[in-house]
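Colleague: What shape does this take:
(one chain, ligands or ions: 2)
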Amino acid sequence: MTYIYVMRVLLIILDGVADRPSLKIGLMTPLQLARKPTFDLLAAGGVTGIMDPVSPGVPVGSDTGHLALLGYDPYVYYTGRGPLEALGAGIELGPMDVAFRCNFATVSDDWVVIDRRAGRISDEEAELLASTLADLSKELSLDAELVFKHTVEHRGVLVIRGAGLSEKISDVDPHREGVKVQMPRPLDSSDNARRTSEVLRNFLVKSREILEKHPVNIERKKRGLKVANVLLPRGAGRLPSLPSIKERYGVKGAVIAGGAIYKGVCRAAGMDVINAPGATGTINTNLDSKFSTMIEALCNYDFVLLHIKGTDSASHDKNPELKARFIEKIDSALGKYLEKFLDDVIICITGDHTTCSTVGEHRGDPVPILIHGKGVRIDDVNKFDEISCSKGGLGRIRGLDLLNILFDLANITKMYGE
Ligand code: ZN
Ligand code: ZN
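Modeller: Ligands and ions are numbered 1, 2, ... in the order given. Next comes the predicted model:
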């Protein structure tokens, strides 16, 4: 019998790391500007390329982008952001439950949205508000159960549970400020959609009454801060049914991430969620804690996905300089751990989409990718950025093919045919 050397796979996703050249930083991209010896070392000793997360020129969200990178065609499997967020928030979601993403927001007396982030309410305050809403469905004697859970900052998830529900419900969140909240409407003519929109409307009206009188908001008003007096649900959907990573590749996978959506996509794919202390999903996240948790996870799992969010946030804030500095921080934090796992791990570093820090939004440009590990064909590229990697040996690949490529390099994938 021949001995096959099976390696583990580490996928590091830097959210929205890819960018376009920016005038603010001398027509470079943040990856080009950043001093990043670790990433460049890995690029020099590995193979590089560019990747279209879903399709060339299609700007994707973090949800659809991550689904694609895990090998799930979002055009087939995506059922909305709500259920993925709910899974990521640790809610056990049944197949018939309808889940929404939610924001605490500030509205005027006549329901005009003043601030979609409720004056950047703190985690502690949002947690207190959320706990008051916990038993609201019983109080309202609705024949559906409503579960609201706060996640980070002004964000949370809402799940409606019961018989005869539908996910065909319009967004309540108008997605901008200065306009009225849109009360939920059924999006088809079914009784279930009508009923679900009524349940949600009752909940919104009642929860507003409670939030207006809540001590947290009374205190905020006194301090001249915006109150969190309404919940704005959006992205209604049901649990997607994904064949697990274990079923597809026979591997045991885990994710380390701060934000709920990344944990949710991975949970839907049958992966375990590992919480790293101090992982906040912001630019102030504890990178050391994330990398040391990652090293530990590599001892127990065949496949580990580490997600870092701050690169995307800096781009949304149109701050390419800050993005470059954050890339440098990640690079130096990773550098300290390199020798601990380089020998028997296939490591891949890439992004889930381009986030353009000039327009502050996701764009459809491809993302750079590098793969490093034993047996990987080494190309001539020695820098990790959008332009250098476009000359790499991987060429231009699809996000959907990423795990196939990585598990093949790790000698995990079984042969197709005989
Ligand atoms: Zn993203
Ligand atoms: Zn983004």
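
Colleague: Kindly tell me how buried residue 64 is, as a neighbour count.
Modeller: The tally of other residues near residue 64 (other Cβ atoms under 10 Å) stands at 25. Glycine gets a C-beta too; all of them are placed from N, C-alpha and C.

Colleague: For it, which non-adjacent residue is spatially closest?
Modeller: residue 74 (3.8 Å; Cβ to Cβ, 6 or more residues apart in numbering).

Colleague: if I pick that neighbour, what's in contact with it?
Modeller: For residue 74, the contacting residues are 54, 60, 63, 64, 67, 68, by Cβ atoms under 8 Å, 6 or more residues apart in numbering.

Colleague: Now the two most distant members of the residues you listed.
Modeller: Distance extremes for the contacts of residue 74: the farthest pair is 54 and 63 at 11.3 Å, using Cβ to Cβ.

Colleague: ok, which stretches of the stretch 151-300 of the chain are helices?
Modeller: Ranges of helices within the stretch 151-300 of the chain are 191-213, 215-222, 245-249, 260-268, 287-300, based on DSSP state H, counting those that start in this stretch.

Colleague: out of these, deepest packed?
Modeller: Most buried of the helices of the stretch 151-300 of the chain by mean neighbour count (mean count of other Cβ atoms under 10 Å) is helix 260-268; its value is a mean of 26.

Colleague: For it, which outside residues touch it?
Modeller: With contact meaning Cβ under 8 Å, 6+ apart, helix 260-268 is reached by 13, 62-63, 66-67, 70, 81, 83-89, 151-152, 155, 157, 239-240, 242, 253-255, 257, 273, 305, 307, 309.

Colleague: List buried residues within those residues.
Modeller: Among these, those that count as buried by neighbour count (16 or more other Cβ atoms under 10 Å) are 13, 62-63, 66-67, 70, 81, 83-89, 151, 155, 157, 239-240, 242, 253-255, 257, 273, 305, 307, 309.

Colleague: Quick check: residues of the stretch 301-418 of the chain near ligand 2?
Modeller: Neighbours of ligand 2 within the stretch 301-418 of the chain, by Cβ under 5 Å from the ion: residue 312.

Colleague: For ligand 2, give me its nearest residue in the stretch 301-418 of the chain.
Modeller: Ranked by Cβ to the ion, the top residue of the stretch 301-418 of the chain for proximity to ligand 2 is residue 312, at 4.1 Å.

Colleague: Tell me the confidence at that residue?
Modeller: Residue 312 carries a pLDDT score of 96 in this model.

Colleague: Which helix or which strand is home to it?
Modeller: helix 310-316 (DSSP states H and E).

Colleague: pull the CA atoms of that helix into CSV?
Modeller: In CSV, the C-alpha atoms belonging to helix 310-316 read as follows (Å, rounded to 0.1, in the frame of the first residue of the first chain):
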residue,chain,number,x,y,z
GLY,A,310,-11.8,44.8,9.6
THR,A,311,-10.5,45.0,6.0
ASP,A,312,-14.0,45.3,4.7
SER,A,313,-15.1,47.8,7.4
ALA,A,314,-12.2,50.2,6.5
SER,A,315,-13.2,50.0,2.8
HIS,A,316,-16.8,50.9,3.6
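
Colleague: Find out how far the helix or strand that that helix is followed by is from the centre of the chain, if you would.
Modeller: Once helix 310-316 ends, the next helix or strand along the chain (criterion: DSSP H and E) is helix 320-335. Offset of helix 320-335 from its chain centre (Cα atoms, centre = their mean, to the nearest Å): 19 Å.

Colleague: Counting by contacts, list what helix 320-335 packs against.
Modeller: Counting by 3 or more Cβ pairs under 8 Å, 6 or more residues apart in numbering; DSSP states H and E, the packing neighbours recorded for helix 320-335 are strand 8-14, helix 30-33, helix 37-44, helix 287-300, helix 310-316.

Colleague: Which stretch among those approaches ligand 1 most closely?
Modeller: Short answer: helix 310-316, nearest of the helices and strands packed on helix 320-335 by Cβ to the ion, at 5.1 Å.

Colleague: what about residue 56, how many neighbours?
Modeller: For residue 56, the tally of surrounding residues (other Cβ under 10 Å) stands at 10.

Colleague: Now do it, the pLDDT please.
Modeller: On pLDDT, residue 56 comes in at 98.

Colleague: Equivalent analysis for residue 144, please.
Modeller: 87.

Colleague: Run a quick neighbour tally on it.
Modeller: Using other Cβ under 10 Å, residue 144 has 22 neighbouring residues.

Colleague: residues in contact with the residue nearest to it when sequence neighbours are not counted?
Modeller: Take residue 144 and drop its neighbours on the chain: the residue closest to it by Cβ to Cβ, 6+ apart is residue 162, 3.4 Å away. When contacts are counted by Cβ under 8 Å, 6+ apart, residue 162 touches 143, 144, 145.

Colleague: same thing with residue 77?
Modeller: Going by Cβ under 8 Å, 6+ apart, residue 77 touches 67, 240, 241, 242.
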